[in-house]
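Novice: Here's my sequence, what's the structure:
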Amino acid sequence: MASNITNRAPLGDKWLALAALLPAVLLASPVANPIAGDFATGEFSASGFALLASLPAAFLVALKRVAPVRGLLLFLCAWIALAALPGGSDSLARERTWMVFATGAVLALAGGGLGAGGRTWLVRGLMIASALFLGRAVIAGDPGGVLGNSGELSAAALPGSLCGLLLWVRCKSAWRWLGLAVLVLLVVHASSAPVLTSLVALFVVATVAWMQSAKSAIRSEARIKLALVVALALCAFGWVRYAPLSSPGSELAAIPETQPAELQSPQNAAFGGVEVRRRIFFATLDLVADAPLRGVGAGQFAAAFPAYRDPRELELSNLEGRLEGLTEVEHPHNDWILPFAEGGLAVGFAWAGFLSLVLLAAVRGLAAAQASDAALAAGSLAVLVSALAGSPLFHNPAAQVAAMVLFGALLSMGQGPAPRRGRRLVGASACVVLVLTIPGAWSMWRMGRALRDITLTTSVTAKSLALDEALRAAPDSVEALSLKARLSQSRGDDLAASLALWERVLDLRPLRFEALMNSGQILAQRGDLVMAWERFEAATLLDPRHPGLMRNRLAGAADRGRIAEALAELDALEAGGHGDPLWLFNLACDLVLRGQDREGLVLMARTDERLKDLSAEQCWELDAKYRLGGSHIAADAFKALAHVLWGRDQARAGDWDDARRSYRQNLRITRERVPPQGPTRLRMEMAAVLWRSRMPEDAQQLLAGLTPRPVDWLALPPWAGEALLEMKFAGAGE
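Specialist: Numbers count the residues shown, from 1 in each chain. Okay, here's the model as predicted:
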């Protein structure tokens, strides 16, 4: 059975089809796309943009007598129940979830309002959108295309490409060649990027369509084509499985050459993401089990999930711990289960019921008499398969807008007319809700535009201004706040200002690893070691093997004088392949300049055996060597060490005058690192020298306001401790 897709659409049907296609086409266009090339900052802005682009469809839905959409009641129940649940800490994510449902409802109604001719226009428009998504990505060799992410791009192009498959198989009009073209583009892109999810979806849809064709009057030529596509999908899958992969923008990027041999194989590189997603899925089930009735709240998955991350998943996501960056799981990579996590069992089952109705309609629709209707079924089934290992319905607006129109059109096929009042009420209500969300959508779009500007400049000032604009548009944006905090730290802004930004991030997402670690670093720099250690401990519960966190723990242990703990952390770092002698040397120099030479010398010796048991004379020579090489911090550290080692030798010999001069030289250097009077331990030792030099008033003045820690007392030379006891000094707090 063949079809030429000759259905003529009434004018109203054409306008509704065009309005329903508008969001998908605009998001596929690199000219109008607000998130081009930077998908990481585009999820929110694209959601806002998609809602704004859906307004024409909403107005037409309100005016048109829309046919009933089976299962829409389940969709609306899930939406309303999720909206009624108490909000979580991430207010912007909650608002975005509301917008996703509002946009989806309007577009589903728009799809449901299409007649046979309108559905034909819809299929053609989706193929054009897929060609826009994939054409530049394949021809220019840029797997991420206009979305900047190959997986998200492939998911957005998948519905139109699979519609093209059925047109090529079943249709005799010229449009079948566009269908074949987008199908080929999808296979090439998914094989080269690679994107396994799209290849699996292609295999499933082609297989089910072939099985359905055997039960119907579809001609044998069509069945042969479907069998060829099944074989093509298997070959592409095998290519990804065994061929070397090196695309930097791939969904499952190849592992760098620094990985162990067993991790460098192309098989592990391409299929490692499958294991990651499997573990995320089971961890999400644990989250659902802990909050079965109300879930964690709309849009709150990213805020709640860090506590449930699997240790092995963390290792795989961080490339066995060799990835220095910070990884976050924004969604469970499974849109079937996400509503269970965020809304509880009731919301989850309502959503699963809606998707199940779409699934049944899609399987039946593959054998539809009209090629355009079978194409809609193929596109819908592809989205449902993709939703098992991705997030095309909640976290990929470019894919969601196409999917919801498809679902509405598919579920309304063959439905009788609904009561006129019911049609008007549902359409008008959806339009009103969408209009009410315009301010939030506009703010999110403005935020995304501002964040995109960051990628277009290298000027720190311009980046700061763009971030300020983003935060004016969306003050609760975790992404914008995090970027602002990173920029503030990198350019050496006031510590209080940087800390305030990270604290704001933690207010929105209390378990955000990056915010915990960086705020802990700032607190340590400010001297609030107790609070810093609490942040590091909280971060340790989330990702104990993160290299940056392990370095922070090492530095924190050394700063508190816990040398054994610091060395244990260092051993763990080196065992994991994260040893960094230069970083360790700089840390040791910093400790010396802050008066903690005991800890600094121990760590310095781990960087080079020649730095073990240094004498004052050797330190003096190293000062000259490093100063000549331009390393002034290291030179200052060795110069300070030389003076303090001389001073201690002179003090032990009773040469208090020379000792006094040596300690003064040391404090002249170290007070630049610990203003205004210098490090605690060195002030205590200098006060002891002054006391022995019969200068008690100067000694008392130097100790004024000083509150040493127990570790500072333990680090003192015996002669210094004896002198301070004679002075009856116990610290300002005593």
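Novice: Number of residues surrounding the residue nearest to residue 699 when sequence neighbours are not counted?
Specialist: For residue 699, ignoring the flanking residues on the chain, the nearest one in space by CB to CB, 6 or more residues apart in numbering is residue 690 at 3.9 Å. The C-beta positions use only the backbone N, C-alpha and C, and glycine is treated the same way. By other CB atoms under 10 Å, the residues close to residue 690 number 24.
Novice: what's next to whichever helix or strand residue 690 is part of, contact-wise?
Specialist: Using DSSP states H and E, the element containing residue 690 is helix 680-692. Under the criterion CB atoms under 8 Å, 6 or more residues apart in numbering, residues 595-596, 644, 647-648, 651, 656, 659-660, 663-664, 666-667, 670, 674, 677-678, 696, 698-700, 702-703, 706-709, 712, 715-717, 719-724, 726-727, 729 lie in contact with helix 680-692.
Novice: where exactly do the strands run in the stretch 351-500 of the chain?
Specialist: Counting by DSSP state E, counting those that start in this stretch, one finds no strands in the stretch 351-500 of the chain.
Novice: From the contacts of helix 680-692, keep the buried residues only.
Specialist: 595-596, 644, 647-648, 651, 656, 659-660, 663, 666-667, 670, 674, 677-678, 698-699, 702-703, 706, 708, 712, 715-716, 719-721, 723-724, 727, 729 (16 or more other CB atoms under 10 Å).
Novice: So which of these sit within helices?
Specialist: Using DSSP state H, the subset of the buried ones among the contacts of helix 680-692 located in helices is 644, 647-648, 651, 656, 659-660, 663, 666-667, 670, 698-699, 702-703, 712, 719-721, 723-724.
Novice: what helices or strands is the longest helix seen in the chain leaning on?
Specialist: Under DSSP H, the helix in the chain containing the largest number of residues is helix 338-365. Judged by 3 or more CB pairs under 8 Å, 6 or more residues apart in numbering; DSSP states H and E, helix 338-365 is in contact with helix 72-84, helix 266-290, helix 301-304, helix 371-386, helix 397-412.
Novice: Can you tell me which of these is most buried?
Specialist: Counting by mean count of other CB atoms under 10 Å, helix 397-412 has the highest mean neighbour count of the helices and strands packed on helix 338-365, with a mean of 31.
Novice: starting at the chain centroid, how far to the helix holding residue 690?
Specialist: How far helix 680-692 lies from its chain's middle: 51 Å, per CA atoms, centre = their mean, to the nearest Å.
Novice: Ok, which of the helices and strands packed on helix 338-365 comes nearest residue 314?
Specialist: Residue 314 lies closest to helix 266-290 among these, at 9.1 Å (CB to CB).
Novice: Helix 338-365 and that closest one, what's the angle between them?
Specialist: Counting by axes from the mean of the first three to the mean of the last three CA atoms, to 10 degrees, helix 266-290 lies at 120 degrees to helix 338-365.
Novice: Quick check: residue 292 is in a strand.
Specialist: No - counting by DSSP: H, G, I helix; E, B strand; the rest coil, residue 292 is not found in a strand; it is coil.
Novice: and the helix or strand of the chain with the lowest mean pLDDT, what does it pack onto?
Specialist: Of all helical and strand segments in the chain, the minimum by mean pLDDT, DSSP states H and E falls on helix 420-436, at a mean of 75. The helices and strands touching helix 420-436, judged by 3+ CB pairs under 8 Å, 6+ apart, are helix 55-63, helix 91-112.
Novice: my guess is residue 670 contacts residue 596, does it?
Specialist: No - taking CB atoms under 8 Å as the definition, residue 670 is not a contact partner of residue 596, at 10.2 Å.
Novice: what do those two both touch?
Specialist: Joint contacts of residue 670 and residue 596 (CB under 8 Å, 6+ apart) are residue 679.
Novice: chain center to the least confident helix or strand of the chain, what's the gap?
Specialist: Counting by CA atoms, centre = their mean, helix 420-436 comes out at 36 Å from the chain centroid.
Novice: and the chain, what are its domains?
Specialist: Annotated domains of the chain cover 15-256+284-309+329-415, 442-610, 615-726 [automatic domain parsing].
Novice: quick one: which of those domains is nearest residue 431?
Specialist: Checking the domains of the chain against residue 431 by CB to CB gives domain 15-256+284-309+329-415 as the closest, at 3.9 Å.
Novice: what is the rounded mean pLDDT of the closest one?
Specialist: Computed over domain 15-256+284-309+329-415, the mean pLDDT rounds to 86.
Novice: ok now it, how far from the chain's centre?
Specialist: Worked out by CA atoms, centre = their mean, domain 15-256+284-309+329-415 lies 21 Å from the chain centre.
Novice: I figured residue 587 hits residue 603, correct?
Specialist: Yes - using CB under 8 Å, residue 587 is in contact with residue 603, at 6.2 Å.
Novice: Report the set of residues contacting both of the two.
Specialist: Shared contacts of residue 587 and residue 603, defined by CB under 8 Å, 6+ apart, are found at residue 558.
Novice: circling back to that earlier point, of the domains of the chain, flag the one that's most buried.
Specialist: Ranked by mean neighbour count under mean count of other CB under 10 Å, those are led by domain 15-256+284-309+329-415, which reaches a mean of 23.
Novice: and the helices and strands packed on helix 420-436 as TSV, adding distance to residue 349?
Specialist: Listed next are the helices and strands packed on helix 420-436 as TSV, based on distance: least, CB to CB, whole Å:
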stretch	distance to residue 349
helix 55-63	27
helix 91-112	16
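Novice: Of those helices, which is nearest residue 283?
Specialist: helix 91-112 (18.9 Å).
Novice: Report all helices and strands that that closest one contacts.
Specialist: Contacts defined by 3+ CB pairs under 8 Å, 6+ apart place helix 91-112 against helix 11-28, helix 43-53, helix 55-63, helix 72-84, helix 397-412, helix 420-436, helix 438-454.
Novice: could you dump those to JSON lines with distance to residue 331?
Specialist: Shown next, in JSON lines, are the helices and strands packed on helix 91-112 (distance: least, CB to CB, whole Å):
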{"stretch": "helix 11-28", "distance to residue 331": "19"}
{"stretch": "helix 43-53", "distance to residue 331": "9"}
{"stretch": "helix 55-63", "distance to residue 331": "26"}
{"stretch": "helix 72-84", "distance to residue 331": "15"}
{"stretch": "helix 397-412", "distance to residue 331": "12"}
{"stretch": "helix 420-436", "distance to residue 331": "23"}
{"stretch": "helix 438-454", "distance to residue 331": "17"}
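Novice: These: which one's closest to residue 167?
Specialist: helix 397-412 (14.1 Å).
Novice: what packs against the closest one?
Specialist: Contacts defined by 3+ CB pairs under 8 Å, 6+ apart place helix 397-412 against helix 11-28, helix 43-53, helix 91-112, helix 116-139, helix 150-170, helix 338-365, helix 371-386.
Novice: for the fifth one, packing partners?
Specialist: Where contact means 3+ CB pairs under 8 Å, 6+ apart, helix 150-170 is packed against helix 11-28, helix 116-139, helix 175-192, helix 196-214, helix 220-242, helix 371-386, helix 397-412.
Novice: Since that was my last question, I'll sign off now.
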